[in-house]
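*Asks:* Below is the structure, and that's it, no one-letter string:
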């Protein structure tokens, strides 16, 4: 059964809910609601990776996320730390996180792979071609799904060389990261290439702009598409990804995705 990762952004500037859960108590309460809605993992992050986002000092990142992780894990909730920084990853695992989710796949911080290897945590490796401020400058591909799979294979090899067992790896093709709108659809259509790599596959389409582009076109461009309106599109893409065989999907609205996955399972018997 495909798992559902619930997103807990402890940030002032995330594109979807920036500032809403910056307070630790509110972030914990939100995480517990997502867990009650059916989240199998809560992915806690203290640095936005939206396009154009500025970097956050690791000390500030840890100030934001560690109290939230401690509270959620004390409540028995499985937690992932969404970070680019090795020091934050190590501190988060000490606070109870079981998974390190690095959208850069270990490229942003040269110490990340060693930190994860020593921690014993699982490692979610994202496909990445640069920091958020300028990532779209690198969105050039000939066969995007194949190239993404090839670059993820390199990251898998680097993780193995650092002593991270294959059973601890998760790969994420990085929907929205250094990929223009249509390229994201090409990756999703080519999920077989990502699944063939071997590790568990995580997909995150939640509320991303390429979904809004489709919805806006359906509206003939009459008005902007709110982030909340993208939740149904997120649930549909998550159900299709589950049908393709992914291990987990990462979403803001857990309840809508839970329902979509249940209906898809019923459809297929």
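*Replies:* Structure received. Predicted model, so just to flag it, every value in this text is computed and none were measured.
*Asks:* so residue 155 sits right up against residue 125, yeah?
*Replies:* Yes. Using CB atoms under 8 Å, residue 155 is in contact with residue 125, at 4.7 Å. For the C-beta atoms, the positions are set from N, CA and C on the backbone; glycine is no exception.
*Asks:* out of those two, which sits in the busier spot?
*Replies:* Shown here are residue 155 and residue 125; by other CB atoms under 10 Å, residue 125 has more neighbours (31 against 23).
*Asks:* quick one, what contacts that one?
*Replies:* Taking CB atoms under 8 Å, 6 or more residues apart in numbering, we find residue 125 in contact with 102, 105-106, 152, 155-156, 159, 169-172, 199.
*Asks:* Out of these, list just those in helices.
*Replies:* 152, 155-156, 159 (DSSP state H).
*Asks:* Past the lowest-mean-pLDDT helix or strand in the chain, which element shows up next along the chain?
*Replies:* Within the chain, no helix or strand scores below helix 209-218, which has a mean of 92 by mean pLDDT, DSSP states H and E. Next helix or strand after helix 209-218 toward the C-terminus (DSSP states H and E): helix 230-244.
*Asks:* quick one: average confidence on that next one?
*Replies:* Mean pLDDT, helix 230-244: 97.
*Asks:* for stretch 56-76, same thing?
*Replies:* Rounded mean pLDDT across stretch 56-76 is 97.
*Asks:* what does that stretch contact?
*Replies:* For stretch 56-76, contacts defined as CB under 8 Å, 6+ apart pick out 8, 10-11, 22, 24, 27-28, 31-32, 35, 42, 44-48, 79, 81, 83, 85, 87-88, 91-92, 95-97.
*Asks:* Quick check: neighbours shared by residue 155 and residue 125?
*Replies:* Overlap of the contact sets of residue 155 and residue 125 (by CB under 8 Å, 6+ apart) consists of 105-106, 171.
*Asks:* any idea how far residue 23 is from residue 250?
*Replies:* Relative to residue 250, residue 23 is positioned 23 Å away (CB to CB, to the nearest Å).
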